[in-house]
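Trainee: Sequence isn't available, so here's the structure alone:
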């Protein structure tokens, strides 16, 4: 298992994760659900 040091404030997301998060939101899922599922912020999703 990969350990994440305490000084990293966020996990960088790859392009596929971003794509599926946005697709899920476009398909009608609530923003809160998408953010929890893909571990992204609302600000990222709105961008």
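Mentor: It's in. Everything numeric here is computed off the predicted structure, so don't read it as measured data. Numbering: from 1, shown residues only.

Trainee: State the mean pLDDT of the helix ranked longest in the chain.
Mentor: Identified as the longest helix of the chain according to DSSP state H is helix 15-26. Per-residue pLDDT values across helix 15-26 average out to 90.

Trainee: And it, how far out from the chain middle?
Mentor: 8 Å (C-alpha atoms, centre = their mean, to the nearest Å).

Trainee: what's the answer for stretch 38-47, then?
Mentor: Remark: stretch 38-47 is offset 6 Å from the chain centroid, using C-alpha atoms, centre = their mean.

Trainee: So for it, mean pLDDT?
Mentor: Here the mean pLDDT over stretch 38-47 is 86, rounded to a whole number.

Trainee: Give the other helices and strands that the longest helix of the chain contacts.
Mentor: When contacts are defined as 3 or more C-beta pairs under 8 Å, 6 or more residues apart in numbering; DSSP states H and E, helix 15-26 sits against helix 31-38, helix 42-46. Using the backbone N, CA and C atoms, a C-beta is placed for each residue, glycine as well.

Trainee: Of the ones you listed, which stretch is the most buried?
Mentor: Of all those, helix 31-38 carries the top mean neighbour count, a mean of 14, counting by mean count of other C-beta atoms under 10 Å.

Trainee: got a list of contacts for it?
Mentor: Residues from elsewhere that reach helix 31-38, judged by C-beta atoms under 8 Å, 6 or more residues apart in numbering: 13, 17, 20-21, 24-25, 40-42, 45.

Trainee: Any of those buried? List them.
Mentor: Burial of those was assessed by neighbour count (16 or more other C-beta atoms under 10 Å); the buried members are 21, 24-25, 40, 45.

Trainee: okay, those residues in TSV with distance to residue 34 next?
Mentor: Supplementary listing: those in TSV, determined by distance: C-beta to C-beta, whole Å:
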residue	distance to residue 34
21	6
24	5
25	5
40	7
45	6
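
Trainee: and the residue nearest the centre of the chain, which of the three is it?
Mentor: The residue at the geometric middle of the chain, judged as the C-alpha nearest the mean C-alpha position with C-alpha atoms, centre = their mean, is residue 40 (2.8 Å). Following DSSP: H, G, I helix; E, B strand; the rest coil, we place residue 40 in the coil state.
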